[in-house]
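Q: sharing a model prediction with you, sequence too.
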Amino acid sequence: MNNALVWLNTELSKTNYQIDSFRHTKAELDSEIKEIDGKLKKVKKEIAEIRSIEEKLKNKEDLDNQASRYVGRLEEYLESLDSLSDLNDKNYDNIIKDIEDIESQLKEEFNVDSKIRTAETYINKQMNKIGEKFDFEEDYKPINLKFSLSNFDLYYKTDDDKKIYLRSMGSGANWLYSHLSLFLALHRYFCKIGDKSVIPPILFIDQPTQVYFPTNIEDNSNEFDAQDLVEKRGKPESLDADMKSVKNIFEQLVQFCKDTKDLTGIEPQIIITDHADGLTLDNVTFDDLVVARWRDRGFIYPLPNESVNIKSDDISKEQMPIGIKGEQLNLLDPSTS
């Protein structure tokens with residue numbers, strides 16, 4: 001009997017140590033449960049906010065603006081799901097179902113898919129119409145560019161439906177003209193939808209001619225000298241072809257502004273900074289497009305530490321930014337404001 005009591009006391013004395021050995025594991029599990037609980041609460045809060053937005057949408061008139069805010073919240077919610085990968089499959093499936101229900105409701109109430117398809121068709125049609133006038137390589141003529149509003153992919157589509165993306169389109173000229181065609185088509189679409197567009201039709205282009213006259217070629221002369229630049233580039237034989245393409249860029253940009261105004265009633269504004277100068281264009285005088293030259297000074301003029309007082313009436317074209325003039329905002333021609 002005495003031996004039994006001694007054994008029992010010995011075993012009971014071990015209990016506290018065994019309990020202590022599980023306390024750390026218990027604390028870890030409690031922490032994980034608390035973290036998951038917090039994430040679940042966050043998900044429920046996000047769902048509640050989306051439901052609240054859904055209810056508010058039914059009571060307001062401006063459906064386009066409501067849809068924009070609604071989609072923005074949905075995108076934010078979808079991004080937050082990346083951090084919830086440790087939720088169990090059941091909760092994950094429920095969340096996915098909620099998202100699908102919301103997306104379905106967006107499509108039904110706001111006709112999003114149809115509007116995207118209509119816009120994409122117009123942009124692609126205009127992009128190829130504009131691109132036909134640029135000097136793409138012969139391999140890409142007739143031009144057949146495609147742009148997706150779903151994922152923003154831009155590619156050339158061959159006759160056998162093969163997609164050739166920009167990275168595989170060869171020369172820098174193809175890259176330049178692909179981007180110009182797309183940007184101009186987008187701005188024509190902005191003009192077409194008029195007051196419904198929240199993006200002003202103002203396009204800024206920096207040195208489009210560097211494809212033909214790279215910026216890594218030193219050019220410290222007071223005037224633009226194409227002959228000197230192509231010789232420094234080591235390709236004097238390309239002068240005529242390069243200059244023809246450069247002139248065409250400016251002529252097409254000017255024509256784009258005119259055609260867009262005829263089509264939509266709105267004339268877009270294109271602002272260009274470039275070292276090409278003194279060009280002889282067919283349908284416009286180049287100097288009429290130039291608002292400033294700063295080969296012999298800095299872009300900012302006068303400098304802040306120079307005590308030069310210039311009244312607004314004294315501002316001349318030599319003191320304004322370079323650009324193709326547009327009527328919409330009169331940013332480039334103070335005499336018309």
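A: Yep, it's here. Residues are numbered from 1 along each chain as shown.
Q: mind checking pLDDT for Gln207?
A: The pLDDT attached to Gln207 in the predicted structure is 90.
Q: that one against Asp274, yeah?
A: Yes. Counting by C-beta atoms under 8 Å, Gln207 touches Asp274, with 5.2 Å between them. Using the backbone N, CA and C atoms, a C-beta is placed for each residue, glycine as well.
Q: any low-confidence regions in the chain?
A: Low-confidence regions of the chain, defined by pLDDT under 70, span residues 1-26, 57-70, 78-90, 215-220, 298-337.
Q: can you pull out the strands in the stretch 151-300 of the chain?
A: Secondary structure of the stretch 151-300 of the chain (DSSP state E, counting those that start in this stretch): strands at 154-157, 163-165, 202-206, 269-273.
Q: looking at Gln207 and Asp274, which is more packed in?
A: Taking Gln207 and Asp274 together and counting by other C-beta atoms under 10 Å, Asp274 has the greater number of neighbours (18 against 14).
Q: which residues does the more buried one contact?
A: Contacts of Asp274 were listed using C-beta atoms under 8 Å, 6 or more residues apart in numbering, and they are 206-209, 322.
Q: most surrounded residue in these?
A: Per-residue neighbour counts (other C-beta under 10 Å) across the contacts of Asp274 peak at Thr209, which has 25 neighbours.
Q: follow-up on the earlier one: output the contacts of Asp274 in CSV, with distance to Lys129 appended to each entry.
A: Listed next are these as CSV, based on distance: C-beta to C-beta, whole Å:
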residue, distance to Lys129
Asp206, 25
Gln207, 25
Pro208, 19
Thr209, 23
Ile322, 27
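Q: just those residues now: which is nearest Leu281?
A: Proximity of the contacts of Asp274 to Leu281 was ranked by C-beta to C-beta; the top entry is Thr209 with 13.5 Å.
Q: separation between the closest one and Ile123?
A: Distance, Thr209 to Ile123, by C-beta to C-beta, to the nearest Å: 25 Å.
Q: the stretch 201-337 of the chain: helices as residue ranges?
A: Assigned by DSSP state H, counting those that start in this stretch, the stretch 201-337 of the chain shows helices spanning 226-233, 239-264, 286-289.
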